[in-house]
Structures are given as C-alpha cells and as structure tokens.
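Enquirer: return atomic coordinates for the entry below.
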Amino acid sequence: MLIKKSKGRVLVAMSGGLDSTMTAALLHEEGYEVVGLTMKTWDYAASGGSRKETGCCSLDSINDAREVAVGLGFPHFILDIREHFGESVIDYFVDEYMAGRTPNPCVMCNTHIKWDALLRRADQLGCEKIATGHYARLGRTEEGRRFVLCGDDANKDQSYVLWGLSQSSLDRTLFPMGSYTKNEIRQMAQDRGYRSLVTKPESYEICFVPDNDYRGFLKRRVPGLEEQVRGGEFVNMSGDPIGLHQGYPFYTVGQRKGLETAFGTPKYVVSIDAQRNRVVLGDLEDLDRRTMRVGQVNWQKIDALPKDGLDAIVKIRYKDPGSPAFLRWDGEKVVVEFMAPVKAIAPGQAAVFYHEDTVLGGGWIVDSDPLPR
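Expert: As a prediction, this is how the structure comes out:
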C-alpha cells in the first residue's frame with residue numbers, strides 16, 4: 001500500500017511527451033504522491049490515414065509514459081476513452097465543418113473530455129488533484145473564484161484553450177509548467193536523464209488528423225461527401241459566380257491558398273454559405289471586422305459581464321496576440337466591439353477575453369459584421 005505524502009495525491013495526465021513527463025517528475029520531487037494516467041483518445045489507424053500513428057495516442061507514447069512512471073516508482077494507468085472522444089470531439093469536428101464553421105477541437109476536448117475523464121478517475125483513485133502539462137498558471141480572487149493566467153513563456157502560453165474549464169475543475173487542477181519557459185523545461189529534463197524526450201519532435205497537428213489532411217479525414221468520415229458538395233460556386237462579394245469549388249466544408253475563413261482556381265489577384269475566403277454550397281471570396285480588406293457575437297460564454301475571473309460592459313483584450317485564435325475591445329450583452333450573447341478592425345473572424349472558433357495576463361472568460365464565435373464599403 002502506498003504511503004500518502006504530505007502534499008496529497010495527484011493524478012497526472014501523461015501523454016509520453018516532454019511536458020507531461022516533467023509535470024509528473026516535478027510534482028513527484030515536490031512531495032506529491034503521483035499517479036500517472038495516459039488516455040487513449042483515438043485509434044488513428046481506424047481513420048484510414050496514410051501516415052504511421054504518432055503523438056499521444058500511439059503505443060510508443062504510452063510506453064514512454066509508463067517507462068517514466070516505473071522509473072520514478074509511481075503507478076501508471078491507461079484509460080480508453082475512444083468512444084466518448086469520438087462522440088464528443090470527432091462528431092463535433094465533422095458537424096462544425098458541415099455547418100460551414102471552423103471547429104476548435106482542442107478546446108472542446110479539454111472542456112468536455114480530458115478534465116471530465118481525469119476528475120472521474122481521480123475520484124476513483126483517491127486523488128485530490130489532477131495535473132497537466134499545459135503552459136498556464138492559476139489564480140484565485142479574494143472572493144474565491146478560480147481563473148487561468150497566461151504561462152510565463154509567451155511563446156508556449158496555452159491559456160487560450162483553457163477558457164471553458166469550470167470553477168470546480170480549476171479548483172482541483174495544477175499546472176506546474178506555467179511558471180517555466182520551454183527552454184528551462186528542456187534543460188531540467190536533460191539534467192534528469194530524459195534526453196530522448198528533449199529531442200522528441202513536438203506535434204502541432206490535430207491529434208486525430210496527424211497527417212494534417214482534414215479534407216481527407218472529412219471524406220473518410222462522411223460517406224459520399226465529395227459527391228454531395230462538389231461543384232458549388234465561388235462567388236464574389238456581390239454574390240456573382242466566379243468559379244467552381246470542391247465543396248464548402250473544405251474551406252475556412254481567411255484561407256488564400258488551395259482555392260484551385262486562378263483569379264488574377266489574390267483572393268481570400270470571406271464567408272461560407274453551407275445551405276447553398278457557396279464560398280464567398282474577396283480581397284484582403286474584405287476580411288476586416290469590427291463587431292462579432294460570442295455565445296455559450298464561460299466566465300472565470302468574473303462571475304458575469306457587468307451590465308454596463310467591460311474593456312478587454314480579445315483573442316480570436318490560438319496564436320492571436322489579442323486586440324482591444326469593448327464587451328457588452330445582447331440577449332444571451334456577448335457583443336465584441338473591436339477598437340480597430342481585425343481580420344478573418346471565423347464562426348466556430350473560440351474567442352477568449354483577457355485582462356492583462358488573466359482569462360476573464362471565453363465563448364464560441366457565432367458571427368461577425370462586415371465593414372460598410
């Protein structure tokens with residue numbers, strides 16, 4: 001029987017990569033009783049992809065995580081959540097593209113899959129806390145509200161994908177990586193003998209589309225998709241046909257490359273009309289927006305948006321540096337009024353509201369208003 005250490009028992013999500021390994025190692029050194037858990041979320045071979053399975057779901061990664069646990073002397077478990085992941089994340093991913101929106105599966109997975117699965121298993125294993133390798137930090141207001149802060153390494157900050165976490169989830173979460181830079185973590189891993197993990201390539205792809213071919217993934221998931229959507233029209237900003245496309249689900253707002261048609265001057269996807277299988281193209285300035293609406297908002301540092309509104313920095317994609325804006329209510333949605341035009345607001349993506357380095361909250365982009373011409 002394991003002896004309970006003074007800092008308590010923590011369940012660590014271990015993908016087999018550098019960051020989750022160092023999360024487990026640091027907590028172990030700090031006096032926590034660590035339990036490792038690797039989640040099997042997706043069987044890439046079943047998706048019909050062309051490349052060898054890689055990343056957090058591969059057998060090699062699971063073995064890497066187990067080897068670390070054995071080396072440090074703590075238990076390690078594997079949790080198969082492929083069915084739940086498929087229903088909640090894969091189906092969402094496909095449905096959003098079929099609706100003409102651009103999905104954000106990482107946010108959906110964190111909010112509805114990983115934390116729920118980790119907390120349920122933590123309860124079963126008697127763990128008070130859970131921990132992940134995200135580059136983010138945690139804060140608490142004087143009133144006791146929990147919230148996410150940006151990680152100290154601005155280049156690795158992952159606060160954007162964590163806006164959907166609830167107060168109860170945040171209250172039981174640890175982010176050991178948030179106070180370090182990636183280079184510091186690499187050096188610490190090197191010092192502890194994890195040289196193979198230091199040189200292990202990082203994946204920036206969607207975990208269930210490791211060949212980065214989301215078009216091919218959609219075709220495999222939706223039988224007859226190409227026949228259903230092929231031959232739709234590219235139209236200009238006035239609605240006039242200017243060419244034929246391969247199918248509206250295969251395009252995203254802001255896209256310039258891969259339009260398969262030469263138009264003489266660069267054209268960008270401005271919007272997608274799923275009902276009529278149309279893709280609207282325009283010039284770069286046609287992507288400018290000053291106002292958007294955000295739904296299904298989850299507040300973190302504040303419990304609600306003040307009635308008279310609030311100034312914030314708003315990010316509309318993961319690597320977005322953020323733009324100053326004013327937030328106000330419109331029914332059940334938050335209207336975001338940017339101080340200056342921003343480009344390529346994609347319905348379906350997440351919008352995250354910040355005050356300095358603090359996450360106030362976030363939600364899903366519903367739509368945006370074009371600028372008058």
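Enquirer: do you know the pLDDT at the residue most central in space within the chain?
Expert: Residue closest to the average C-alpha location in the chain (Cα atoms, centre = their mean): Cys106, at 2.8 Å. Listed pLDDT for Cys106 reads 91.
Enquirer: for my notes, confirm Val314 occurs in a strand.
Expert: Yes. Assessed with DSSP: H, G, I helix; E, B strand; the rest coil, Val314 lies in a strand.
Enquirer: so the closest residue to it other than its chain neighbours is in which element?
Expert: Sequence neighbours aside, Ala325 is the residue nearest to Val314 in space, at 4.5 Å (criterion: Cβ to Cβ, 6 or more residues apart in numbering). C-beta here means a position set from N, CA and C on the backbone, and glycine is covered the same way. Assigning secondary structure by DSSP states H and E places Ala325 in strand 323-330.
Enquirer: quick check: bridge partners of the residue nearest to Val314?
Expert: Ala312, Phe338 (DSSP bridges).
Enquirer: the one 4 residues further on now?
Expert: In this structure, Trp329 has beta-bridge partners Val334, where bridges are defined by DSSP bridges.
Enquirer: hang on, the earlier thing: buried residues, the strand holding Ala325. List them.
Expert: Ser323, Ala325, Leu327 (16 or more other Cβ atoms under 10 Å).
Enquirer: the strands in the stretch 51-200 of the chain, which residues?
Expert: Under the criterion DSSP state E, counting those that start in this stretch, the stretch 51-200 of the chain contains strands at 76-80, 129-131, 136-140, 146-150, 173-174.
Enquirer: parallel or antiparallel, list what pairs with the shortest one.
Expert: Sheet pairing for strand 173-174, assigned by DSSP bridges, gives strand 129-131 (parallel).
Enquirer: hmm, Ile316 and the residue nearest to Val314 touching each other?
Expert: No. If you go by Cβ atoms under 8 Å, Ala325 and Ile316 don't touch, sitting 9.9 Å apart.
Enquirer: low-confidence ranges in the protein?
Expert: Where the chain drops to pLDDT under 70, the residues are 1-6, 44-57, 203-204, 373.
Enquirer: who does the strand holding Ala325 touch, helix- and strand-wise?
Expert: In terms of contacts (3 or more Cβ pairs under 8 Å, 6 or more residues apart in numbering; DSSP states H and E), strand 323-330 is packed against strand 310-315, strand 333-343.
Enquirer: what's stretch 281-294 in contact with?
Expert: For stretch 281-294, contacts defined as Cβ atoms under 8 Å, 6 or more residues apart in numbering pick out 234-237, 242, 253-254, 259, 263, 265-270, 316, 330, 333-338, 340-345, 351, 362-371.
Enquirer: which of those residues are buried? Put it as a ChimeraX command.
Expert: With 16+ other Cβ under 10 Å as the criterion, this ChimeraX line picks the buried residues out of the contacts of stretch 281-294:
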select :234,235,236,253,254,259,267,268,269,270,316,333,334,335,336,338,342,344,345,351,362,363,364,365,366,368
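Enquirer: may I see the strands of the stretch 51-200 of the chain organised as TSV, with distance to Asn110 added?
Expert: Shown next, in TSV, are the strands of the stretch 51-200 of the chain (distance: least, Cβ to Cβ, whole Å):
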stretch	distance to Asn110
strand 76-80	16
strand 129-131	12
strand 136-140	11
strand 146-150	11
strand 173-174	11
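Enquirer: what about the ones you listed, which gets the closest to Asp311?
Expert: Nearest to Asp311, of all these, is strand 146-150, at 17.2 Å by Cβ to Cβ.
Enquirer: please export the C-alpha coordinates of the closest one as PDB.
Expert: The C-alpha trace of strand 146-150 is given here as PDB (Å, rounded to 0.1, in the frame of the first residue of the first chain):
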ATOM      1  CA  ARG A 146     -10.500  30.400  -9.800                       C
ATOM      2  CA  PHE A 147      -9.100  31.500 -13.100                       C
ATOM      3  CA  VAL A 148      -6.400  30.800 -15.700                       C
ATOM      4  CA  LEU A 149      -3.500  33.100 -16.200                       C
ATOM      5  CA  CYS A 150      -1.100  33.100 -19.200                       C
END
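Enquirer: what is the orientation angle of that strand with strand 136-140?
Expert: 140 degrees (axes from the mean of the first three to the mean of the last three Cα atoms, to 10 degrees).
Enquirer: which residues touch strand 146-150?
Expert: Strand 146-150 has contacts (Cβ under 8 Å, 6+ apart) with 136-141, 157, 159, 162-163, 165, 167, 170-171, 178, 300-301, 354, 357-360.
Enquirer: let's go with 6 Å and repeat that
Expert: By Cβ atoms under 6 Å, 6 or more residues apart in numbering, the surrounding residues in contact with strand 146-150 are 136-137, 139-140, 157, 159, 162, 167, 170-171, 300-301, 357-359.
Enquirer: again with stretch 175-186
Expert: Contact with stretch 175-186 is made by 19, 22-23, 26, 133-138, 151-153, 156, 198, as judged by Cβ under 6 Å, 6+ apart.
Enquirer: about what we covered before: quick check on the contacts of strand 146-150: which are buried?
Expert: With neighbours counted by 16+ other Cβ under 10 Å, those contain buried members at Ala136, Arg137, Asp157, Ser159, Leu162, Leu170, Gln300, Lys301, Asp357, Thr358, Val359.
Enquirer: report the contact partners of the third one.
Expert: So that's Asp157. With Cβ under 6 Å, 6+ apart, Asp157 has these contacts: Tyr135, Cys150, Gly151.
Enquirer: return the member of the residues you listed nearest to Leu125.
Expert: Minimum distance to Leu125 across the contacts of Asp157 is 25.6 Å, recorded for Tyr135 (Cβ to Cβ).
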